[in-house]
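Peer 1: Test case, fold it:
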Amino acid sequence: MKRSLFLLLPLLVSTPALANPSSSQAHGVWMRGDGNARVRIAPCGDKICATNVWIKDTSGGESVGDRLVLTLEPGAGGGFEGTAYDPQRDLTYSMFMSVQPNSLQTRGCVLAELLCKTVSWSRVK
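Peer 2: Sure, this is the predicted structure:
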């Protein structure tokens, strides 16, 4: 889970963003670019959650059911910016998410944005 969620980070929205039609484009199931994880992005309360629904290889510590809680608002360039909270580790990451109809790109950062990772995703459903 940890690896999947960290790779997702450069992914997870406050109430104002939920009202934005573009943020709902992210809802659905997405396959990570390396093919090892599928994540469902859906509302959870007044936030958005990204939950692992399938993991090909669990040896990296990823598990089905692991999740990130996203608090994002519309940002520059039509994307979304904000934070992703990992309740399993009790850590919060800064993140940016760009959504297209069938592709998603996330960028997550830790340590005051000294360590960042960008990941591409493709829509499964």
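Peer 1: Residue 28 pairs with what?
Peer 2: residue 41 (DSSP bridges).
Peer 1: Report the contact partners of it.
Peer 2: Counting by Cβ atoms under 8 Å, 6 or more residues apart in numbering, residue 28 touches 40, 41, 123, 124, 125. In this view, the C-beta of every residue, glycine as well, is placed from N, C-alpha and C.
Peer 1: Looks like the second one contacts residue 53 (just checking).
Peer 2: This means residue 41. No: using Cβ atoms under 8 Å as the test, residue 41 is too far from residue 53 to be in contact (10.2 Å).
Peer 1: of the two, who's got more company?
Peer 2: residue 41 (27 against 15; other Cβ atoms under 10 Å).
Peer 1: What pLDDT does the model give that one?
Peer 2: If you check residue 41, the pLDDT there is 95.
Peer 1: Kindly report the same for residue 50.
Peer 2: Note for residue 50: predicted pLDDT of 95.
Peer 1: helix/strand/coil for it?
Peer 2: Secondary structure, DSSP: H, G, I helix; E, B strand; the rest coil: residue 50 is strand.
Peer 1: ok, back up a step: of the contacts of residue 28, just the buried ones, PyMOL syntax please.
Peer 2: Those of the contacts of residue 28 that count as buried under 16 or more other Cβ atoms under 10 Å are selected in PyMOL with:
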select buried, resi 40+41+123
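Peer 1: Among the contacts of residue 28, find me the one that's closest to residue 47.
Peer 2: Using Cβ to Cβ, residue 41 comes nearest to residue 47 of the contacts of residue 28, at 11.1 Å.
Peer 1: which residues does residue 31 contact?
Peer 2: So residue 31 contacts 37, 38, 121, 122, 123, 124 (Cβ under 8 Å, 6+ apart).
Peer 1: Repeat that for residue 83.
Peer 2: Applying Cβ under 8 Å, 6+ apart, the residues near residue 83 are 70, 71, 72, 92, 93, 94, 95.
Peer 1: Would you mind checking those residues for buried ones?
Peer 2: Taking 16+ other Cβ under 10 Å as the criterion, what is buried in these is 70, 71, 72, 93, 94, 95.
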